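Enquirer: attaching a predicted model along with its sequence, questions to come.
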There are 2 protein chains.
Amino acid sequence: MKIVSDKVSGVKKRFTNLCYGFFSTLANPTRLAIIEKLDEGPMNVTGLVNTLGQEQSMVSHNLRPLVRCKLVNVRREGKQRVYSLNHETLDPIVKSVELHAEKFCEGGANCPLKAKSEAS
Amino acid sequence: MKIVSDKVSGVKKRFTNLCYGFFSTLANPTRLAIIEKLDEGPMNVTGLVNTLGQEQSMVSHNLRPLVRCKLVNVRREGKQRVYSLNHETLDPIVKSVELHAEKFCEGGANCPLKAKSEAS
DNA sequence: TATTCTAATGAAACATTCTTCATATGAAGA
DNA sequence: TCTTCATATGAAGAATGTTTCATTAGAATA
């Protein structure tokens, strides 16, 4: 992960680094899909691979940043590793995003948040 | 902005697209610096250019996604455009991120959220 | 309307991040 | 310990995103 440089002056680097690390971890479709799945309950890598239809290495690669930022927890169970959500952090944040979309996004063509969003 | 593809199966595309659009807008140091500045109050482009020490085109380019996602508002004022934060959305989210860092990040070398964060 | 000030835009160069493929590690069981 | 199952890791190519430079657009004012 790129560390915020000194190019931007006059701001607290702590804030920028903190938020940048956090948000860029979440700014990825595969990781968001993993989060959505884990919201239903803890699951091991093979479980995620099967329900998401993604390659095993892809799932592992994407789990790493989630764990590193403590958005997801792991525990060993024999050969397997069971991943679970940090609901304490994620629940309120996801709720905020949903609320924002309801209030501020009309879903017009110029709105990337609501546009192209059919259920699936 | 890349629209989330169908490659990831078994998840709600709405959720993924919504969060992806939202978080990738925030996952950028320049945009976070703009947000931090605007938190002090509304400001025009030239103001941001001066306090951030960035090129005007850079500031404008980065303001666009923030406005598109309604994280920042604009109003015209003569020749100028005055930008301001959507506090209603941003305040609780930023608070959640700070809380997460306090609770879950020790700031060790393996923690990208707290590592390298000196005040500035 | 010519000029100046303020800000936005397009396109190319550059940088970062993702995805895939191949391989490695580690635990359990034969 | 050899094999198998479950997962992690490294590295290279592919895909996205960012930054810069040059140019354009709009509003105010002489």
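Expert: Sure, I can see it.
Enquirer: surely A:G21 touches A:K13?
Expert: No: contact criterion Cβ atoms under 8 Å: A:G21 and A:K13 do not qualify, at 11.8 Å. Backbone N, C-alpha and C define where each C-beta goes, glycine included.
Enquirer: which one of those two is surrounded by more residues?
Expert: A:G21 (27 against 20; other Cβ atoms under 10 Å in any protein chain shown).
Enquirer: distance check, the more buried one against B:R75.
Expert: Using Cβ to Cβ, to the nearest Å, we find A:G21 at a distance of 32 Å from B:R75.
Enquirer: count the neighbours of A:E106 for me.
Expert: Using other Cβ under 10 Å, the number of residues around A:E106 comes to 12.
Enquirer: Three-state assignment for it, please.
Expert: coil (DSSP: H, G, I helix; E, B strand; the rest coil).
Enquirer: quick one: it from chain B, how far?
Expert: 9 Å (Cβ to the nearest Cβ, to the nearest Å).
Enquirer: for A:K103, same thing?
Expert: Here A:K103 is placed at a distance of 8 Å from chain B (Cβ to the nearest Cβ).
Enquirer: check which helix or strand covers that residue.
Expert: Assigned by DSSP states H and E, A:K103 belongs to helix A:87-104.
Enquirer: how distant is that helix from the center of its chain?
Expert: How far helix A:87-104 lies from its chain's middle: 13 Å, per Cα atoms, centre = their mean, to the nearest Å.
Enquirer: and what of stretch A:84-97?
Expert: In terms of Cα atoms, centre = their mean, the centre of stretch A:84-97 is found 10 Å from the chain centre.
Enquirer: phi first, then psi, for A:Y83.
Expert: phi -100, psi 140 (degrees, to the nearest 10).
Enquirer: where do the helices sit along chain A?
Expert: A:13-26, A:29-38, A:45-52, A:56-68, A:87-104 (DSSP state H).
Enquirer: mean pLDDT and distance to B:E102 for those helices - can I get that in a markdown table?
Expert: Compiled in a markdown table, the helices of chain A are given as follows (pLDDT from 0 to 100; distance: least, Cβ to Cβ, whole Å):
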| stretch | mean pLDDT | distance to B:E102 |
| --- | --- | --- |
| helix A:13-26 | 95 | 10 |
| helix A:29-38 | 98 | 21 |
| helix A:45-52 | 98 | 29 |
| helix A:56-68 | 98 | 17 |
| helix A:87-104 | 97 | 11 |
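Enquirer: cool, thanks, signing off.
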